[in-house]
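*Asks:* give the three-dimensional model of this entry:
(one chain, ligands or ions: 2)
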Amino acid sequence: MMALKTVKMQDIIDRTVIFVQKTLEGAEAGHDWWHIQRVWNNTKLILETEQADRLICELTALLHDIADSKFHNGDEHLGPRIAGEFLTSIGVDETTILHIQNIILNMSFKASLGKIEFNSKELEIVQDADRLDAIGAIGIARAFTYGGFKNREIHNPDIPIQSNLDKESYKNTTAPTINHFYEKLLLLKDKMNTPTARQIAEDRHEYMKSFLQQFHSEWNGLK
Ligand code: ADP
Ligand code: NI
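*Replies:* Numbering: from 1, shown residues only. Ligands and ions are numbered 1, 2, ... in the order given. I've put the predicted structure just below:
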C-alpha cells in the first residue's frame, strides 16, 4: 500500500514537471522553468527540517508561476485556474487542489502587501523557497532581467525610493531596477517564515548589500 502511494506521488510530480516545462517555454528568464526548478529545490531543502504535506509543497512550487498575473494583464485567478484544471486532469483530489490554489493566490509578495486571506505551513515553505530565489546573486540577475524585459532604467538618482509600498503602487510601479532592491529585495530576509530559509537568506542579503555599495560607488565615479 505504502509503495503504491509513493509510486503514484512520483507519477503526479513527473507529469507536473512535464506540464510546467512545456507551458513555460519562452517565458521571461526570471520566471522560467529554471526559476521553478530552483524554487522546487529550495522547497525540498526546507522540507528536510520542516513538517508539512510534501506533495502539496512540491506541486505548489512547480505550479506557482504557471500564469503569473504580471504577465497576464493582472489576472490573479488565471494561475490558480490553470493549475486546478491540470491537477484535476491527472486525478489529484479536490481538497489538495483547493489548498494549492489558495497558496498560489496568496503567496506572492504583492498579495502579502494586501489583506492576508489564507495561511498554512505549506504556504510558508513555498513562499520562503520563492523568496530565496529573489535575493542573492540570482536575485540580482533576476531583477535586472525583469527590468530589461520591461525596459526600465537601471538606476535614476532623481526617482526616490518608495518605502512601504501598498499593493496597488507595487503593481503599477515603473521605477528603475535599483529601486526594487530597496522596495522589496532587501526586505525579504526579515520576512522569511522558516529558520532554514532565514539562515540561507543571511549570506544572500549581505551579498546584495555589497553589490549595491559597489554599484553606488562606481555610479559616483569613485572607483
Ligand atoms: P513574488 O513572485 O514574490 O510575488 P514578483 O513576481 O513580483 O514577486 O517578483 C519576482 C521577481 O521578479 C523579483 O524578485 C524580481 O527579481 C523580479 N521583479 C518583479 N518586479 C520587479 C521590478 N519592479 N523591478 C525589478 N525586478 C522585478
Ligand atoms: Ni516565483
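
*Asks:* now the longest helix belonging to the chain: buried residues?
*Replies:* Longest helix in the chain, counting residues (DSSP state H): helix 195-219. Going by neighbour count (16 or more other C-beta atoms under 10 Å), the buried part of helix 195-219 is 196-197, 200-201, 204-205, 208, 212. Bear in mind the C-beta positions are built from the backbone N, C-alpha and C, glycine included.

*Asks:* near ligand 1, which residues of this protein?
*Replies:* By the rule C-beta under 6 Å from any ligand atom, the part of the chain lying against ligand 1 is 30, 68, 108-110, 130, 134, 139, 142-143, 146-147, 173, 177, 180.

*Asks:* make it 8 Å
*Replies:* 30-31, 64-65, 68, 70, 107-112, 127, 130-131, 133-135, 139, 142-147, 150, 152, 170, 173, 175, 177, 179-180, 183-185 (C-beta under 8 Å from any ligand atom).

*Asks:* does ligand 2 sit close to stretch 103-123?
*Replies:* No: Stretch 103-123 stays clear of ligand 2 (C-beta under 5 Å from the ion), getting no nearer than 7.9 Å.

*Asks:* dump that stretch to PDB, restricted to CA.
*Replies:* The C-alpha coordinates for stretch 103-123 follow below in PDB (Å, rounded to 0.1, in the frame of the first residue of the first chain):
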ATOM      1  CA  ILE A 103      -1.400  29.100  -1.700                       C
ATOM      2  CA  ILE A 104      -0.700  30.300  -5.300                       C
ATOM      3  CA  LEU A 105      -3.300  33.100  -4.900                       C
ATOM      4  CA  ASN A 106      -1.800  34.300  -1.600                       C
ATOM      5  CA  MET A 107       1.900  33.600  -1.500                       C
ATOM      6  CA  SER A 108       3.200  36.400  -3.700                       C
ATOM      7  CA  PHE A 109       4.900  39.500  -2.300                       C
ATOM      8  CA  LYS A 110       2.200  41.600  -3.900                       C
ATOM      9  CA  ALA A 111      -0.500  39.500  -2.100                       C
ATOM     10  CA  SER A 112       1.300  40.000   1.200                       C
ATOM     11  CA  LEU A 113       1.000  43.700   0.800                       C
ATOM     12  CA  GLY A 114      -2.800  43.500   0.700                       C
ATOM     13  CA  LYS A 115      -5.200  41.700   3.100                       C
ATOM     14  CA  ILE A 116      -3.800  38.300   4.000                       C
ATOM     15  CA  GLU A 117      -6.600  35.900   3.400                       C
ATOM     16  CA  PHE A 118      -5.000  32.400   3.700                       C
ATOM     17  CA  ASN A 119      -2.100  30.800   5.500                       C
ATOM     18  CA  SER A 120      -0.700  27.300   6.000                       C
ATOM     19  CA  LYS A 121       2.600  25.600   6.800                       C
ATOM     20  CA  GLU A 122       2.800  24.600   3.200                       C
ATOM     21  CA  LEU A 123       2.300  28.300   2.000                       C
END
